[in-house]
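Asks: Test case, fold it:
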Amino acid sequence: MATTSDSRHKKRKMSSLLLAIGATFLTLIPAQAAEKIFFTYDPLNVSVRVSSLELFAKEGKIDKNLAFYLQFASSEQKQAFREALSKTVPLSPVVISRFFNTSIGEDILTRLGGGITIQGGRNGKYALRAAFVQAALDPDGFSLINVLRKLPTDMQLQGPLLLGFAKEATLFIDATETLITEFRKLTAEEAATDPRVDYSQLPDLRQPGPYQLTKQVWNLTDASRNRSLYVDVYIPQNLTAGKTPVIVFSHGLASRPEDYAQGLERLASYGFFVAAPQHPGSDSIWAKEVLEGYHRDAFDLNDFINRPKDISFVIDELERRNASQFQNRLDLQNVGMGGHSFGGYTALAIAGAEIDFDHLKKECDRLYSGVNVALLLECRALDLPRQSYNFRDKRVTAVFAANPVNRGIFGPKGLSKITIPIMLASGSYDPATPPALEQAASFTWLGSPQKYWAMVEGQAHVNFSELDAGLSKSIESLTQLTLPSQDLIIDYASSIQIPFFEIYLNQNEKFRPYLQSAYAEYLSQGKEFKLDFISQASVPKLIDAIERFKREHGAFSPK
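Replies: Below is the predicted model:
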């Protein structure tokens, strides 16, 4: 159990990460200037001058106007407030403007503008967008005080809404911390009942496998959809007799197959044929074109449909090539499916999860649903035609979904339709698909009796070493987080993916000892960042933990 000091430390780190992801969204995503910022909490209506905040930010001086608000603040709190006002972040005004013109960007602004209004209560989204862009243009850099200085009119903070949002954010942080603690406890409990294994005597799955590989890039066109895409293909060499297992992998939003090369090569080195298609409507090319002003949306709405169809199309292509290129060696009746983030949605859809529009509408209409960043993406699916979508491809018989976007769009009814072996993977620091909101309940809803869930401590959704330098600098300037190396994350992921697919694609029970909590504890020995791992056996206790948290803290906000 974490100490009180550890608990505070974790909360500070999670708060820092939430602040960082907020700034990250601003980079992809408020004549006459404001003189006062009003705070309304009926019947209270008070104001602070922007000039008072500016004086405090620049010189640390507290005038009479600001003294009223800071009279009970400690020296440490005052210093933290000053740093929050003056901290600069290198943001592009063009990027900010274009992001806020996307549907997701407008959604964020509308939610924010409901709590920060023009006097009289009108939504402040347009004033906020103008101030964000102008602050990014300022030679002094983008900062909170510069945003306040650039506001075109006096603004009104709607106390009940903002305090409610702050309460919801705190609830989210508490839920995340509770989940991490419970997950580690459940891992230890399962490990205590696992058969004893001396893992030091078994092959080390953190090392590359025995097979050399070649990489090919196939440029394909699905004539039925008039859709062209490329596929990165990793082919293991000198395989022994028998069928070759196949894994198809779906990349995340604003990324590309190449971004996952290290992990895909590791899988191929163990004898898996790996195919990773591009998803043209939600890849890095589309994201770049959004920032260049070519698209109105952060991703093509139709990619909710096209992504899973891309996977089935790739398997069809493999069937067409199997005899001529691979001597019918590819096992295309037992295909493994992997995916990350939006690719996790894709993997779950292929596995049989169905969109539940009624559940999604309720989730999106919740007052503070914007706390969950992933839900902003999921809510875009409400613009799809309301019909039944079934993307299940029965050739796929095992699924690995990492940091999946899923809870709102599928809900318990949609996820219960997954009955094939499945493994979820999460990162404890993930602010984009937070495990407490996106995967905890989802794991209990999955219909498969053969399900597993792994969590890498400190993993924060993306490979930070691959981020744009400016974006990395923005995040580093707002946090002092220590994150696990990408090599460690790949080692952990490979060590659980390989036995999962060996067992459920190759029916190779020799790998069964690896697929248990005791192995996660073995891998975690001496590591600053641990791997936790549970199975179906822990579901009743996980449900109890979720229900206990709801009783003690309250559920997340209704509409």
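Asks: Now do the contacts for residue 443.
Replies: Neighbour list for residue 443: 424, 451, 453, 539, 542 [criterion: CB atoms under 8 Å, 6 or more residues apart in numbering]. Where C-beta positions appear, they are placed from N, C-alpha and C, glycine not excepted.
Asks: Give me the nearest residue to the fourth one, chain neighbours excluded.
Replies: Nearest in space to residue 539, with sequence neighbours left out and distances taken as CB to CB, 6 or more residues apart in numbering, is residue 444 at 5.5 Å.
Asks: what helix or strand does the one you found sit in?
Replies: Following DSSP states H and E, one finds residue 444 within helix 440-445.
Asks: Identify each buried residue in that helix, please.
Replies: Residues 440, 441, 442, 443, 444, 445 are the ones in helix 440-445 that count as buried (16 or more other CB atoms under 10 Å).
Asks: swap in stretch 306-319?
Replies: In terms of neighbour count (16+ other CB under 10 Å), stretch 306-319 has its buried residues at 306, 307, 308, 309, 310, 311, 312, 313, 314, 315, 317, 318.
Asks: Tabulate the residues you listed (CSV), appending pLDDT and secondary structure.
Replies: CSV is the format used below for the buried residues of stretch 306-319 (pLDDT from 0 to 100; DSSP: H, G, I helix; E, B strand; the rest coil):
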residue, pLDDT, secondary structure
306, 98, helix
307, 98, helix
308, 98, helix
309, 98, helix
310, 98, helix
311, 98, helix
312, 98, helix
313, 98, helix
314, 98, helix
315, 98, helix
317, 98, helix
318, 98, helix
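Asks: In the protein, where is pLDDT below threshold?
Replies: Where the chain drops to pLDDT under 70, the residues are 1-32, 463-481, 556-559.
Asks: And the residue of it positioned farthest from its centre, its phi and psi?
Replies: Computed with CA atoms, centre = their mean, the maximum C-alpha offset from the centroid of the chain is found at residue 64, amounting to 44.1 Å. Backbone geometry at residue 64, expressed as degrees, to the nearest 10, gives phi -60, psi -40.
Asks: mind listing what residue 329 touches?
Replies: By CB under 8 Å, 6+ apart, the neighbours of residue 329 are 239, 242, 243, 244, 322.
Asks: mind checking the longest helix of this structure?
Replies: Longest helix of the chain, by residue count under DSSP state H: helix 159-193.
Asks: how about that helix: buried residues?
Replies: Residues of helix 159-193 classed as buried: 159, 161-162, 165, 168-169, 171-187, 190-191 (neighbour count, 16+ other CB under 10 Å).
Asks: Counting by contacts, list what it packs against.
Replies: Using 3 or more CB pairs under 8 Å, 6 or more residues apart in numbering; DSSP states H and E, the elements in contact with helix 159-193 are helix 4-28, strand 36-41, helix 103-115, helix 435-438, helix 517-524, strand 531-535, helix 539-553.
Asks: so how far is the last one from its chain's centroid?
Replies: Relative to its chain's centre, helix 539-553 lies at 23 Å (CA atoms, centre = their mean, to the nearest Å).
Asks: okay, the angle between that helix and strand 531-535?
Replies: Between helix 539-553 and strand 531-535, the angle comes out at 110 degrees (axes from the mean of the first three to the mean of the last three CA atoms, to 10 degrees).
Asks: Just want the angle from helix 539-553 to helix 159-193.
Replies: Going by the same axes, to 10 degrees, helix 539-553 makes 150 degrees with helix 159-193.
Asks: which residues sit against helix 539-553?
Replies: With CB under 8 Å, 6+ apart as the test, helix 539-553 has contacts from 171, 174-175, 178-179, 182, 186, 189, 440-441, 443-444, 451, 534.
Asks: thinking again about what came up before, show me the contacts for the residue nearest to residue 539.
Replies: By CB under 8 Å, 6+ apart, the neighbours of residue 444 are 539, 542, 543, 546.
Asks: Return a ChimeraX selection command for the buried portion of the residues you listed.
Replies: The command below creates a ChimeraX selection of those among the contacts of residue 444 that count as buried (16+ other CB under 10 Å):
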select :539,542,546
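Asks: buried set for stretch 354-361?
Replies: Going by neighbour count (16+ other CB under 10 Å), the buried part of stretch 354-361 is 354, 355, 356, 357, 359, 360.
Asks: same question, stretch 133-145
Replies: 133, 134, 135, 136, 137, 141, 142, 143, 144, 145.
Asks: What is the end-to-end distance of that stretch?
Replies: End-to-end distance of stretch 133-145 (CA to CA, to the nearest Å): 13 Å.
Asks: buried sites along the helix or strand containing residue 492?
Replies: Element membership for residue 492 (DSSP H and E) is helix 486-506. Residues 486, 488-506 are the ones in helix 486-506 that count as buried (16+ other CB under 10 Å).
Asks: Which of the contacts of residue 329 fall in strands?
Replies: residue 244 (DSSP state E).
Asks: Make a PyMOL selection of the buried ones in the contacts of residue 329.
Replies: To isolate the buried ones among the contacts of residue 329 in PyMOL, judged by 16+ other CB under 10 Å, type:
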select buried, resi 244+322
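Asks: Save the contacts of residue 329 as TSV, and put in distance to residue 282 too.
Replies: Shown next, in TSV, are the contacts of residue 329 (distance: CB to CB, whole Å):
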residue	distance to residue 282
239	33
242	36
243	32
244	29
322	28
